[in-house]
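Q: Based on what follows, work out the 3D shape:
(chains A and B)
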Amino acid sequence: MNVSVYLILASVLFVIGAVTVLVRRNSIVVFMGVELMLNAANLTFLAFSRMWGDFDGQLAAFFVMVVAAAEVVVGLAIIVSLFRTRRTVSVDDENLLRG
Amino acid sequence: MSALLWPAAPAPLAAPGAAVAAEAAIDIDWVVLSPVAIVLGAAIAATLIEAVASRKGAGRVAAQPGYLRVVQAGLALLAVAAAGLVALRLALRAGESIGLTGDGALVIDPMTLYLQLAVAACALIGLLVITDRTVQGEDAFAPQAAAVPGSEYEQRARRRGLSQTDVYPLVLFATGGMMLFPAAADLITMFVALEVLSLPLYLLSGMARHRRLLSGEASLKYFLLGAFGSAFFLFGAAWVYGATGSLRLSEIAGSVGSASGLDPILVVGLTLILVGLFFKVGAVPFHSWTPDVYQGAPTPITGFMAACTKIAAFGALLRVVYAVAPALSWDLKPVLWTVAIATMVVGTVVGLVQRDVKRLLAYSAIAHAGFIMTGVAAWSAEGLAGSLFYLFTYGVATIGGFGVIALVREVDAEGHIRAEATGLDQWRGLGKRSPVLAGAFALFLLSFAGIPLTSGFVAKFAVFEAAFGAGAAVLAIVGLACSAAAAFFYARVIVAMFFESAPQGEAAPLAGVGIGVRTLGLTQIAVGLSLAFTLALGLVPGWFWNFTRGLAQLLS
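A: All right, here's what the predicted structure looks like:
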């Protein structure tokens, strides 16, 4: 199958993720949008890795997976601790800092 | 430890028995890597110490042994100081053992060493502010960061006077990432360094002792927007890989001309990478997290991250722009110019209406990102030298400024020291209550404003002159106009401190107003050091300016 199919799919996933971050109000869902963007990047790496016949792209995908896992740990810790304080995960309720 | 980091002969990594690994052995020059290795090694050691140190008393509110704070703070300060000294030593004998290492993943050249030295110096001053405690023995961090604000659990932790030392490993990891970031020679190393520096900062932003809701909110916003920015960086890296078949910056630069059919992909990828870096430096339109995070984070952390993140992220930006992009300068110049102008204008204009000192310095930081960008966008050796000079002077003055803010507190009727008094109204008359602090802050503000005889003037002069020289007169003129406008809001704080009196009059002199508080004295040392650098580089800038000029010439 042509590489461009994977690239189009990855771009669509990336855009869906970015729109999710910008539009959705639930911080867990926003975070899922970010994860979708990272996975879109992974898919792009893999598609290009196949195209070039070179392993650097696959290696990159592994690094991204590890970093994304670390990010989940930190992110969920922050979201859970805020939820316990405020009983909400909506980013609209995070409105103390402004100006 | 030293035997590990300083091998007598070049890389005796494999023991005689393990000769199998020799053919595939990656060439790693541990000597030039040692600044990063020392900091990250100390970070791992600090994490282990944190894990094994015995807690006194059972139950959830168990106190830490008293020596733990001394050990952790001492380890962090020593590690960062040692890393800075090693970087300085390597920088002074630049030329030997400099170049790509770690199988081409890292580049240790004079610029890297200079930026590592700058990060280490700022982190050292920042650590002094982080370690400081009030005379009542309270530091700037929550007694139990996991406790729900206002809960009974938190009350108990507060009453027992608990304090945590887990800030030190986090700060060390962040510092290690910052030292790795400008050294990255391929895009994946750069991404990993970006995350290593960012993840601890997300957590540190949420650990303030006072105003914990603001702090938590800052942490969430920083995390979500920071992760969003990283995703752009990564997606851009993937497309650049697609266009050039390599993640190495040098190989990408080499194939810029030849891969003509894929050039649009390359430009899109590089632009996305730049967007990710713009998020980190806080450039408009990717700046929206900056004021909230600077205001909500614990003040010592704000100072640390404002200075060190800016140095590290601009280091990576310079690396990408100067190493990869020259052949694409016609495609990328409009992006850099637009962002530079927007950053200067928005930072200055919105800064004019701020009523909170921390927020005001945040918008000032945005405007300064624009000024530094002027040097970057000049795309010349002078621009590079100016940016490097600017980064160090700005970083040092910023830590000093936030150090002063950390000392100006509200004090309640019982004489108990509360949160930082950040409202501009609370700063009125500070010149009478705490003349030394107010004077120091005024000098930092004058340096931010770029008044002659301070380092800020020399730095601004350097980047604007470079912009004029490189045919970017528009940038320099906008920069000059913004500097003039920004001087107004710095002057407003100075006027409030020295020429206005406290709001309530003399009846309740200390209620609600900010006053300089007594501490162990570490913050004062940090402010003094920053002040000394700011004045020294303003009065006799020649030697340091020649040093950064020399660096830039070595690179171009």
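Q: Spatially central residue in chain B, please.
A: Among the residues of chain B, the one closest to the centroid is B:Cys308, at 1.8 Å (Cα atoms, centre = their mean).
Q: Which other helices and strands does the stretch of helix or strand it belongs to contact?
A: According to DSSP states H and E, B:Cys308 maps onto helix B:299-319. Helices and strands touching helix B:299-319, as assessed by 3 or more Cβ pairs under 8 Å, 6 or more residues apart in numbering or on different chains; DSSP states H and E, comprise helix B:110-131, helix B:167-180, helix B:187-205, helix B:263-281, helix B:289-296, helix B:357-378, helix B:381-407. The way it works is simple: take the backbone N, C-alpha and C, and place the C-beta from them, glycine included.
Q: Reformat those into a markdown table and put mean pLDDT next to each item.
A: Output for the helices and strands packed on helix B:299-319, formatted as a markdown table (pLDDT from 0 to 100):
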| stretch | mean pLDDT |
| --- | --- |
| helix B:110-131 | 94 |
| helix B:167-180 | 96 |
| helix B:187-205 | 95 |
| helix B:263-281 | 91 |
| helix B:289-296 | 94 |
| helix B:357-378 | 94 |
| helix B:381-407 | 93 |
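Q: Is it possible to get JSON lines of those helices that adds distance to chain A and mean neighbour count?
A: Listed next are the helices and strands packed on helix B:299-319 as JSON lines, based on distance: least, Cβ to the nearest Cβ, whole Å; neighbours: other Cβ atoms under 10 Å in any protein chain shown:
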{"stretch": "helix B:110-131", "distance to chain A": "20", "mean neighbour count": "27"}
{"stretch": "helix B:167-180", "distance to chain A": "10", "mean neighbour count": "28"}
{"stretch": "helix B:187-205", "distance to chain A": "5", "mean neighbour count": "25"}
{"stretch": "helix B:263-281", "distance to chain A": "9", "mean neighbour count": "22"}
{"stretch": "helix B:289-296", "distance to chain A": "4", "mean neighbour count": "26"}
{"stretch": "helix B:357-378", "distance to chain A": "6", "mean neighbour count": "27"}
{"stretch": "helix B:381-407", "distance to chain A": "16", "mean neighbour count": "27"}
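Q: Next, count neighbours for residue 74.
A: With no chain named, the answer covers chain A. Residues lying near A:Val74 (other Cβ atoms under 10 Å in any protein chain shown) number 19.
Q: That was the other one, I meant chain B.
A: 13.
Q: for the helix holding B:Cys308, which positions count as buried?
A: Counting neighbours by 16 or more other Cβ atoms under 10 Å in any protein chain shown, one finds that the buried residues in helix B:299-319 are B:299-319.
Q: just stretch B:405-421 next, same as before
A: B:Ile405, B:Ala406, B:Leu407, B:Val408, B:Arg409, B:Glu410, B:Val411, B:Ile417, B:Glu420, B:Ala421.
Q: and it, how far apart are its ends?
A: With Cα to Cα, to the nearest Å as the measure, stretch B:405-421 spans 8 Å from end to end.
Q: That stretch: how far from the chain's middle?
A: 26 Å (Cα atoms, centre = their mean, to the nearest Å).
Q: repeat for stretch A:46-63
A: Per Cα atoms, centre = their mean, the displacement of stretch A:46-63 from the mean C-alpha position of its chain is 19 Å.
Q: Stretch B:249-268 too?
A: Computed by Cα atoms, centre = their mean, the chain-centroid distance of stretch B:249-268 equals 31 Å.
Q: if we can go back for a sec, tell me which two of the buried residues of stretch B:405-421 sit farthest apart.
A: Of all pairs drawn from the buried residues of stretch B:405-421, the one with the longest distance (Cβ to Cβ) is B:Ile405 and B:Val411, at 15.4 Å.
Q: Can you list the low-confidence ranges for the stretch 1-150 of chain B?
A: Along the stretch 1-150 of chain B, the parts satisfying pLDDT under 70 run over B:1-27, B:54-65, B:94-98.
Q: Tell me which residues touch the residue of it found nearest chain A, please.
A: Here the stretch 1-150 of chain B gets closest to chain A at one residue, B:Val148, 5.0 Å apart by Cβ to the nearest Cβ. Taking Cβ atoms under 8 Å, 6 or more residues apart in numbering or on different chains as the criterion, B:Val148 is in contact with A:Ser81, A:Arg84, A:Thr85, B:Glu154.
Q: so how far is the helix holding B:Cys308 off the chain centroid?
A: Taking Cα atoms, centre = their mean, one finds the center of helix B:299-319 at 2 Å from the center of the full chain.
Q: okay, now residue 85: neighbour count?
A: I'll assume chain A. Other residues lying near A:Thr85 total 17 when counted by other Cβ under 10 Å.
Q: Chain B is the one I meant
A: Neighbours of B:Leu85 under the rule other Cβ under 10 Å: 14.
Q: How about A:Val5?
A: Counted with other Cβ under 10 Å, A:Val5 comes out at 10.
Q: same question, B:Ala185
A: Neighbours of B:Ala185 under the rule other Cβ under 10 Å: 25.
Q: can you pull out the strands in chain A?
A: Along chain A, no segments are classed as strands by DSSP state E.
Q: Show me the shaky parts of it.
A: Across chain A, the ranges flagged by pLDDT under 70 are A:1, A:99.
Q: Just name the closest of the contacts of B:Val148 to B:Phe547, please.
A: Proximity of the contacts of B:Val148 to B:Phe547 (Cβ to Cβ) peaks at A:Ser81, which lies at 44.7 Å.
Q: Flag every buried residue along the longest helix anywhere in chain A.
A: Under DSSP state H, the helix in chain A containing the largest number of residues is helix A:56-86. In terms of neighbour count (16+ other Cβ under 10 Å), helix A:56-86 has its buried residues at A:56-57, A:60-61, A:63-64, A:67-68, A:71, A:74-75, A:77-79, A:81-82, A:85-86.
Q: go on, stretch A:36-56?
A: Buried residues in stretch A:36-56 (16+ other Cβ under 10 Å): A:36-49, A:51-52, A:56.
Q: and what of stretch B:465-479?
A: Quick answer for stretch B:465-479 (16+ other Cβ under 10 Å): B:Glu465, B:Ala466, B:Ala467, B:Gly469, B:Ala470, B:Ala472, B:Leu475, B:Ala476, B:Val478, B:Gly479.
Q: And stretch B:101-112, by the same measure?
A: By neighbour count with 16+ other Cβ under 10 Å, stretch B:101-112 contains the buried residues B:Thr101, B:Gly102, B:Gly104, B:Ala105, B:Leu106, B:Val107, B:Ile108, B:Asp109, B:Pro110, B:Met111, B:Thr112.
Q: Please give me every residue in contact with the fourth one.
A: So that's B:Ala105. Neighbouring residues of B:Ala105 by Cβ under 8 Å, 6+ apart: B:Ala184, B:Ala185, B:Asp186, B:Ile188, B:Thr189.
Q: Could you measure from the third one over to B:Ala227?
A: This means B:Asp186. To B:Ala227, B:Asp186 is 21 Å away according to Cβ to Cβ, to the nearest Å.
Q: and if you look at the fourth one?
A: As judged by Cβ to Cβ, B:Ile188 and B:Ala227 stand 17 Å apart.
Q: What of the first one?
A: From B:Ala184 across to B:Ala227, the span is 19 Å (Cβ to Cβ).
Q: between those two, which one's more packed in?
A: B:Ala227 (27 against 24).
Q: Which members of the buried residues of stretch B:465-479 occur in helices, if any?
A: Going by DSSP H, the helices hold B:Glu465, B:Ala466, B:Ala467, B:Gly469, B:Leu475, B:Ala476, B:Val478, B:Gly479 from the buried residues of stretch B:465-479.
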